[in-house]
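Asks: Give me a 3D structure for the following:
(one chain, ligands or ions: 1)
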Amino acid sequence: MFQLKWLWQNLKGDRARYIIALCLSVVGSSLTIINPYIGQRIVDQFIAGNDAISNLAHHRGQLIGLGLGMIGFSLLRTSLSYFTTLQYERSSQNMLFRIRIYLYNKIQGQDMKYYDRNRTGDLMTKMTGDLDMVRHSLAWIIKTIIESLTVFAAAVVYFFFIDAELTLWLLLLSPPIFIVAFIFARRVRPMYVELRERLSQLNTTTQENIAGNRVVKAFAREPYEIEKFHEKNVHYSKANKAAAMVWLDYFPYLEILSQAFTVILMIVGGLFVMNGRITFGEFSAFTALIWGLSNPMRSIGIIINDIQRFFASVSKIMDVYYSHPEIANKHNAEVKRRYQGRIRFEDVTFKYDNVTVLQNINFSVEPGETIAIMGATGAGKTTLINLIPRFYDVAKGRVLVDGTDVRKLELDELRGNIGIATQDVLLFSDTIDGNIAYGDPDMPEEDVEKFAKLAAAHDFIGKMPEGYNTIVGERGVGLSGGQKQRIALARALAVQPPILILDDTTSAVDVETEEHIQKSLRELDFPCTKIIIAQRVSTTAEADRILILDNGRVIEEGTHAELLAKRGYYYDVFKLQNEGIGREATAHGQK
Ligand SMILES: Nc1ncnc2c1ncn2[C@@H]1O[C@H](COP(=O)(O)OP(=O)(O)OP(=O)(O)O)[C@@H](O)[C@H]1O
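Replies: Residues are numbered from 1 along each chain as shown. This is a model prediction of the structure:
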């Protein structure tokens, strides 16, 4: 079975330990027949046998020996069981540790498409609950199966030695138990797949709710969110109950059949004792070991439940384990070259699945040039810049950096040459200093300050309680939108990239601060090609060229003056931003 093969592969490094654990399980479980055997001898020789009284008088030493043997074997089994469990735990925890790292790296290595398709809550479920289920399978399910089978086999062999017919009477119960268990397994399996899906939905809702808590509060949508959570919770709970109910449907049959072992033993075994076919001691051995037959049958339901959970979880983990990003970063750039920063889009068309978002885009940017991109919301601006660091691949055409198709460049090198400040600013739960120096953790403090100054962030950072050592919360809580943008800009500048991409980075800062930032960008002390997405004409005016995107196409291209002269989209935006209010008032007045 593929899943078991997968487990075996991942046990590499702990296989010997695990095999030792399995062997110890077999040995320890086989030893369970020793004490019933000793018990049998004690009963036959010293309690119920014909010579019991004389044996008690003359062979007391033997009785003490047998008693001590019983205690000794119990201690031995307990120590063995302790040591065995230790080996199972160690090997399964080690495996879990390795798979967790592997999966984390896999998730890290996925491309944007993967993140578009996979929900955070689902990935979190895979990294936590599903992984633990895999560990549980190795440390508990397999162990329980092996131990139950060994005890069962040892008991059956021992029973056969005592009396084959009585054993066969008892074994009559096994086929119906297996049939019931098989039907139960088939019914419950899809339920665990469903259960796993519901859990993932519940986690996704919880995660989104926590992440988006401020939006929820702002819109006073707590009752709605609570209702949404309640719904997912009800679904999960129902799925859980449904699986439990199926188990309850079968549980009475399994329990009755397990109890029947004792009943058969009492009736058939009792008759055999009465007619002298077996001794009291042998009967007591049957009684002492009958659990070895009935217990595995009783726990078969729990084992099947866990096996189904394991399959539901492992298939989810394997989705991540064997996923291959279309755009893979092999991280094997030994020498990372510094690019000149020449960019060229050649007849680029891009689609999200089947929806065309960019069409036949052509433009080039020379090293050191600044190009501004403007356009209505949803026009495709962010998509366009995402093609330069190869977050996505083009559907048609080529994106060239320094004359080479980005698909042929080493990703680490390419991305290392690009500083990017994205539209949604995400800061890590770290100090401001740590956030700015994210691309180069060894950056000296003076440099961090230098880039903060360029991004007009130094002043407000200085006023914070612990300056650059102030910890900003998850997503930059505790900072204003404009402050976050400026830290993100400092972070992008700090890698001194030959290509700087700013996606609406100054939209939340005031005009004065923006002017400071523009001046800094003009006067950077390293060569840098800049691509700036902006909505304000004040930002775009000084660019060497402006591209106007509309519905995935470049509809205008030129300098500020050229585009104004064209009297098209750019001209309209310019008019609106400079005299919009006045013009609207006039327009209304004329009506
Ligand atoms: N990950 C995605 N999957 C599918 N469609 C997407 C994705 N990202 C964006 N789109 C769609 O692509 C189109 C262009 O989006 P894009 O974000 O590039 O626009 P934009 O010009 O940057 O807009 P804005 O100014 O609002 O940021 C939109 O119609 C959007 O719905």
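
Asks: which residues touch stretch 514-525?
Replies: Residues outside stretch 514-525 that contact it (C-beta atoms under 8 Å, 6 or more residues apart in numbering): 370, 453-456, 486, 489, 493, 500, 506, 509, 530, 536, 538-539, 542. C-beta coordinates here come from the backbone N, C-alpha and C atoms, glycine included.

Asks: Farthest-apart pair in those residues, please.
Replies: Between all members of the contacts of stretch 514-525, the longest pairwise span (C-beta to C-beta) is found for K453 and R536 and amounts to 22.2 Å.

Asks: Surely I371 is within a helix?
Replies: No. Under DSSP: H, G, I helix; E, B strand; the rest coil, I371 sits outside any helix and is assigned strand.

Asks: residue contacts, it?
Replies: Contacts of I371 by C-beta under 8 Å, 6+ apart are F363, V365, T529, K530, I531, I532, A543, D544, R545, I546, L547.

Asks: partner residues bridging it?
Replies: Here I371 shows beta-bridge partners I531, R545, assigned using DSSP bridges.

Asks: can you check the one 4 residues further on too?
Replies: Counting by DSSP bridges, G375 is bridged to L549.

Asks: Show me what the mean pLDDT comes to for the lengthiest helix in the chain.
Replies: Taking residue count as the measure and DSSP state H as the definition, the longest helix of the chain comes out as helix 60-108. Confidence over helix 60-108, taken as the mean pLDDT, stands at 92.

Asks: coming back round to it: nearest to the ligand among the contacts of I371?
Replies: Sorting the contacts of I371 by how near they are to the ligand, with C-beta to the nearest ligand atom, puts L547 at the top with 11.5 Å.

Asks: pLDDT weak spots in the stretch 201-350 of the chain?
Replies: By pLDDT under 70, the low-scoring segments of the stretch 201-350 of the chain are 333.

Asks: for it, what spans make up the strands?
Replies: 343-352 (DSSP state E, counting those that start in this stretch).

Asks: any low-confidence regions in the stretch 451-591 of the chain?
Replies: In the prediction, the stretch 451-591 of the chain carries residues with pLDDT under 70 at positions 473-477, 579-591.

Asks: How is the protein divided into domains?
Replies: The chain breaks down into these domains under automatic domain parsing: 2-321, 343-417+497-590, 424-490.

Asks: The second one near the ligand anywhere?
Replies: When you say that, I think you mean domain 343-417+497-590. Yes. Looking at domain 343-417+497-590 against the ligand by C-beta under 6 Å from any ligand atom, the contacts come from Y352, V357, G375, T377, G378, A379, G380, K381, T382, T383.

Asks: what residues does this structure put near the ligand?
Replies: So far as C-beta under 6 Å from any ligand atom goes, the chain lies against the ligand at D116, Y352, V357, G375, T377, G378, A379, G380, K381, T382, T383, Q423.

Asks: that older thread, the helix or strand following the longest helix of the chain: which residues count as buried?
Replies: Elements were assigned by DSSP states H and E; along the chain past helix 60-108, the next helix or strand is helix 112-117. Applying a neighbour-count criterion of 16 or more other C-beta atoms under 10 Å, the buried positions in helix 112-117 are M112, K113, Y114.

Asks: Determine which two of the contacts of I371 are furthest apart.
Replies: T529 and I546 (15.0 Å).

Asks: A strand includes V399, no?
Replies: Yes. Note on V399: a strand contains this position according to three-state DSSP.

Asks: number of nearby residues for E562?
Replies: Counted with other C-beta atoms under 10 Å, the neighbours of E562 add up to 13.

Asks: residues of the helix or strand encompassing it that come out buried?
Replies: When secondary structure is defined using DSSP H and E, the element that contains E562 is helix 560-566. Within helix 560-566, the residues scored as buried using 16+ other C-beta under 10 Å are H560, L563, L564.

Asks: Restricting the selection to alpha carbons, write that helix to PDB.
Replies: As requested, C-alpha coordinates have been extracted for helix 560-566 and formatted as PDB (Å, rounded to 0.1, in the frame of the first residue of the first chain):
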ATOM      1  CA  HIS A 560       3.800  63.400 -18.400                       C
ATOM      2  CA  ALA A 561       3.800  66.200 -21.000                       C
ATOM      3  CA  GLU A 562       3.200  63.800 -23.900                       C
ATOM      4  CA  LEU A 563       0.200  62.200 -22.200                       C
ATOM      5  CA  LEU A 564      -1.300  65.500 -21.200                       C
ATOM      6  CA  ALA A 565      -1.000  66.600 -24.800                       C
ATOM      7  CA  LYS A 566      -2.800  63.500 -25.800                       C
END
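
Asks: In terms of secondary structure, what does it contact?
Replies: Of the remaining helices and strands, those touching helix 560-566 by 3 or more C-beta pairs under 8 Å, 6 or more residues apart in numbering; DSSP states H and E are strand 545-550, strand 553-558, helix 569-590.

Asks: Go again with 7 Å.
Replies: Helices and strands touching helix 560-566, as assessed by 3 or more C-beta pairs under 7 Å, 6 or more residues apart in numbering; DSSP states H and E, comprise strand 553-558, helix 569-590.

Asks: On the three-state scheme, the nearest residue to F345 once chain neighbours are set aside is what?
Replies: Nearest non-adjacent residue to F345, counting by C-beta to C-beta, 6 or more residues apart in numbering: I361, 4.8 Å away. Three-state secondary structure (criterion: three-state DSSP) places I361 in strand.

Asks: Spatially nearest residue to A48 (excluding sequence neighbours)?
Replies: Leaving out its chain neighbours, A48 is closest to F280 (C-beta to C-beta, 6+ apart), at 3.7 Å.

Asks: distance between the ends of stretch 22-42?
Replies: Taking C-alpha to C-alpha, to the nearest Å, the first and last residues of stretch 22-42 lie 32 Å apart.

Asks: Quick check: P497 is in a strand.
Replies: No. According to three-state DSSP, P497 belongs to no strand; its state is coil.

Asks: Residue of the stretch 201-350 of the chain nearest the ligand, please.
Replies: Shortest the stretch 201-350 of the chain-to-the ligand distance, computed as C-beta to the nearest ligand atom: residue-wise this is F350, at 8.9 Å.

Asks: What count of nearby residues applies to the closest residue to that residue other than its chain neighbours?
Replies: Across the structure, with C-beta to C-beta, 6+ apart as the measure, the residue nearest F350 apart from its sequence neighbours is L358 (4.1 Å). Counted with other C-beta under 10 Å, the neighbours of L358 add up to 26.

Asks: For stretch 504-512, output the C-alpha coordinates as PDB.
Replies: These are the backbone C-alpha positions of stretch 504-512, laid out as PDB (Å, rounded to 0.1, in the frame of the first residue of the first chain):
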ATOM      1  CA  ASP A 504       0.900  51.900  -4.600                       C
ATOM      2  CA  THR A 505       3.400  52.300  -1.800                       C
ATOM      3  CA  THR A 506       2.800  55.900  -1.100                       C
ATOM      4  CA  SER A 507      -1.000  55.900  -1.400                       C
ATOM      5  CA  ALA A 508      -1.500  56.300   2.400                       C
ATOM      6  CA  VAL A 509       1.100  59.000   3.000                       C
ATOM      7  CA  ASP A 510       0.500  62.700   2.900                       C
ATOM      8  CA  VAL A 511       1.600  64.800   0.000                       C
ATOM      9  CA  GLU A 512       4.500  66.300   1.800                       C
END
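
Asks: Can you give the distance from that stretch to the centre of its chain?
Replies: For stretch 504-512, the distance between its averaged C-alpha position and the chain's averaged C-alpha position is 36 Å (C-alpha atoms, centre = their mean, to the nearest Å).

Asks: Next: stretch 183-201.
Replies: The gap between where stretch 183-201 is centred and where its chain is centred comes out at 19 Å by C-alpha atoms, centre = their mean.

Asks: list the buried ones in it?
Replies: Of the residues in stretch 183-201, those scored as buried under the neighbour-count criterion (16+ other C-beta under 10 Å) are 184-185, 188-189, 191-201.

Asks: What are the contacting residues of that stretch?
Replies: Among residues not part of stretch 183-201, those counted as contacts by C-beta atoms under 7 Å, 6 or more residues apart in numbering are 121-122, 125, 129, 232, 235-236, 239-240, 242-243, 246-247, 250, 301, 304-305, 308-309, 312-313, 316.
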